[in-house]
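*Asks:* Just a sequence and a predicted model for now, questions to come.
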Amino acid sequence: MSFYPAALHLEALRWLLLSPPLLSDQAAIQFGVQPPWAMVHRWSSSDTVANQAWLETLDADHLAYAIGPVHPADRPPLRLGRYAERLMLYYLEHGPLFEGLAAHLPLRIASPSDSRTTAGEIDFLLRDRTGRHIHWELAIKLFLCEDGGPGAVQPERFLGPERKDSLALKLNKLFAHQLRHQPPEPWTSIAWQHSAYAVGWMFYPWGATQATCDTLHTDHERGWWLNYERVEQLPDSHFIVLPRLRWMQRAWLQNGDVMYDTQSLVDTLQQAHLDSSRDAFLVATIDAATGKETARYFIRMANPTTQLA
């Protein structure tokens with residue numbers, strides 16, 4: 001039994017399948033091996049209709065049972081990437097468009113001592129309704145743009161909160177390495193189409209004009225980021241703090257959510273800073289009438305070390 005509400009698993013899967021794409025086609029050209037070895041996955045309009053129809057009939061309790069026990073307070077917490085992989089595996093096993101062939105397939109090479117060494121892993125192998133064989137790598141990305149607009153910004157300037165990671169490094173690993181893997185036996189004789197399934201959020205400096213990036217799809221999900229010292233400058237609103245497993249999908253008010261005004265949010269973050277209990281918060285503003293998210297803010301605490309996904 002999952003400790004996490006079944007309805008929230010369903011909303012996370014809905015977002016995973018229906019959210020705007022994160023990457024433009026330029027990403028595969030910019031970071032892949034030339035000519036492009038892999039492509040960015042795109043749903044066709046008919047695919048989207050089929051996914052929407054399937055989601056409407058999905059039993060949320062069955063999804064929660066398949067996902068397995070999840071507790072938001074687990075330490076260490078379940079990482080977003082692993083959670084998304086569980087959701088995607090369910091879709092490939094039960095969804096309308098693909099036949100899942102393999103998941104989390106280890107790649108092994110012979111070491112000098114003749115033992116087998118793991119050289120990596122393939123996320124998903126699948127076959128679509130036309131018989132095409134597809135190698136999917138799933139990428140859930142959340143990064144903070146260090147530059148304000150107007151004007152263009154490069155992927156190197158989208159950084160993790162600890163500033164040691166970047167969108168450019170992740171995409172280079174994805175297109176130039178992970179998506180170049182060829183499946184092992186018994187899959188070696190098959191011609192595979194290699195594809196990146198990439199979704200996520202990019203956060204831009206709060207108060208600045210939003211920059212543009214050719215690597216990102218024009219419709220990608222966006223939020224704002226700021227350091228916690230500036231939270232008191234946010235416009236007065238209703239806020240909820242999102243636990244990690246709700247960082248992907250758009251928020252809507254749940255039973256048990258604590259609603260903050262600006263001052264109470266400031267007080268909560270100041271106490272967290274003093275306790276050094278958290279190094280980052282994701283906060284959503286909530287429309288009091290509808291209970292739905294209207295904006296989101298990534299609050300960066302001092303000396304953060306959070307891995308986003």
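*Replies:* All right, it came through fine.
*Asks:* what's the burial count for H94?
*Replies:* Residues near H94, counting by other CB atoms under 10 Å, number 14. The way it works is simple: take the backbone N, C-alpha and C, and place the C-beta from them, glycine included.
*Asks:* Actually, S264.
*Replies:* Neighbourhood size, S264 [other CB under 10 Å]: 12.
*Asks:* now the one 4 residues further on
*Replies:* Using other CB under 10 Å, T268 has 18 neighbouring residues.
*Asks:* List the contacts of it.
*Replies:* The contact partners of T268, by CB atoms under 8 Å, 6 or more residues apart in numbering, come to V241, Y260.
*Asks:* Write down the beta-bridge partners of V40, one by one.
*Replies:* Beta-bridge pairing of V40 under DSSP bridges involves A196.
*Asks:* what about it, distance to Q263?
*Replies:* According to CB to CB, to the nearest Å, V40 stands 43 Å off from Q263.
*Asks:* and what of G223?
*Replies:* Distance from G223 to Q263, by CB to CB: 22 Å.
*Asks:* M248 now?
*Replies:* 29 Å.
*Asks:* Neighbour count: the two, which is higher?
*Replies:* Applying other CB under 10 Å to M248 and Q263 shows that M248 carries more neighbours, namely 24 against 11.
*Asks:* surely the more buried one meets R14?
*Replies:* No - in this structure M248 lies outside contact range of R14 using CB atoms under 8 Å: 10.2 Å.
*Asks:* Show me what the lowest-mean-pLDDT helix or strand in the chain is in contact with.
*Replies:* Least confident helix or strand, the chain: strand 116-128 with a mean of 85, by mean pLDDT, DSSP states H and E. For strand 116-128, the surrounding residues in contact (CB under 8 Å, 6+ apart) are 85, 88-89, 92, 97-111, 133-138, 177-178, 181, 183, 187, 192.
*Asks:* Can you tell me the SS state at the most centrally placed residue in the chain?
*Replies:* The residue lying closest to the centre of the chain (CA atoms, centre = their mean) is I140, at 2.6 Å. Under DSSP: H, G, I helix; E, B strand; the rest coil, I140 falls in the strand class.
*Asks:* now it: how far from R82?
*Replies:* 9 Å.
*Asks:* so what's the backbone phi/psi at the closest residue to L17 other than its chain neighbours?
*Replies:* Of all residues not flanking L17 in the chain, N51 sits nearest, at 4.8 Å (CB to CB, 6 or more residues apart in numbering). With angles defined as degrees, to the nearest 10, N51 sits at phi -70, psi -40.
*Asks:* ok, N51 touching L18?
*Replies:* Yes - using CB under 8 Å, N51 is in contact with L18, at 6.6 Å.
*Asks:* Could you give the separation of the least confident helix or strand of the chain from the chain centroid?
*Replies:* 20 Å (CA atoms, centre = their mean, to the nearest Å).
*Asks:* Adjacent strands (with direction) for it?
*Replies:* Strand 116-128 has these strand partners (DSSP bridges): strand 98-110 (antiparallel), strand 133-145 (antiparallel).
*Asks:* Report the separation between W206 and L282.
*Replies:* As judged by CB to CB, W206 and L282 stand 13 Å apart.
*Asks:* Low-confidence ranges, the stretch 151-300 of the chain, go.
*Replies:* Applying pLDDT under 70 to the stretch 151-300 of the chain flags the ranges 161-162, 276-277.
*Asks:* Tell me where the chain has strands.
*Replies:* Along the chain, counting by DSSP state E, strands occupy 39-40, 98-110, 116-128, 133-145, 158-159, 192-205, 221-227, 239-242, 280-286, 293-300.
*Asks:* what about dumping the CA coordinates of the second one to PDB?
*Replies:* When you say that, I think you mean strand 98-110. Extracted in PDB, the C-alpha atoms of strand 98-110 (Å, rounded to 0.1, in the frame of the first residue of the first chain):
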ATOM      1  CA  PHE A  98       3.600   0.700 -26.900                       C
ATOM      2  CA  GLU A  99       4.700  -2.700 -26.000                       C
ATOM      3  CA  GLY A 100       7.300  -2.500 -23.300                       C
ATOM      4  CA  LEU A 101      10.200  -5.000 -24.100                       C
ATOM      5  CA  ALA A 102      12.700  -4.300 -21.400                       C
ATOM      6  CA  ALA A 103      13.500  -1.700 -18.700                       C
ATOM      7  CA  HIS A 104      16.600  -0.800 -16.700                       C
ATOM      8  CA  LEU A 105      18.700  -3.100 -18.900                       C
ATOM      9  CA  PRO A 106      22.300  -3.300 -17.600                       C
ATOM     10  CA  LEU A 107      25.100  -3.000 -20.100                       C
ATOM     11  CA  ARG A 108      28.100  -5.200 -19.200                       C
ATOM     12  CA  ILE A 109      31.600  -5.400 -20.600                       C
ATOM     13  CA  ALA A 110      34.400  -7.800 -19.800                       C
END
